[in-house]
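Q: Build me a structure from this.
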Amino acid sequence: MCSHPTPLSSSSAPAHRHPVAAHPEQGWTLLCDGSIVFDDSGELHPDGSVVPRCRVPAQRLAPAA
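A: Reported below is the predicted structural model:
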């Protein structure tokens with residue numbers, strides 16, 4: 001993890017958090033502060049707190065008959 005001068009949170013300084021490991025095939029990215037960001041926009045923080053997703057899955061159209 002990075003040693004930033006002040007503790008960072010997703011709301012206070014998102015621009016200072018950078019990816020450490022990215023796994024787009026699995027849909028998640030590990031950030032330098034230990035948070036995991038998911039492709040659906042949710043987050044899991046090292047302290048166990050959760051930021052729920054703010055995007056909903058797209059609805060699939062039924063195949064044309």
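Q: only C-alpha atoms for contact and neighbour calcs from this point on.
A: Noted.
Q: which stretches of the protein form strands?
A: Applying DSSP state E to the chain gives strands spanning 19-23, 28-31, 36-38, 43-44, 50-51.
Q: So which residues make contact with the first one?
A: When contacts are taken as Cα atoms under 8 Å, 6 or more residues apart in numbering, the neighbours of strand 19-23 outside the stretch itself are Trp28, Thr29, Leu30, Leu31, Cys32.
Q: burial measure for Leu31, as a count.
A: Residues within reach of Leu31, counting by other Cα atoms under 10 Å, total 19.
Q: bridging residues for it?
A: Going by DSSP bridges, Leu31 is paired in beta bridges with Pro19.
Q: for Leu44, same thing?
A: On the basis of DSSP bridges, Leu44 is bridged to Ile36, Val50.
Q: Surely it touches Val50?
A: Yes. Leu44 lies in contact with Val50 (Cα atoms under 8 Å); the separation is 4.8 Å.
Q: And the worst-scoring helix or strand of the chain on mean pLDDT, what does it pack against?
A: Within the chain, no helix or strand scores below strand 50-51, which has a mean of 88 by mean pLDDT, DSSP states H and E. If you count contacts as 3 or more Cα pairs under 8 Å, 6 or more residues apart in numbering; DSSP states H and E, strand 50-51 packs onto strand 43-44.
Q: What lies in contact with the strand it packs on?
A: So strand 43-44 is contacted by Ser35, Ile36, Val37, Val50, Val51, Pro52, Arg53 (Cα under 8 Å, 6+ apart).
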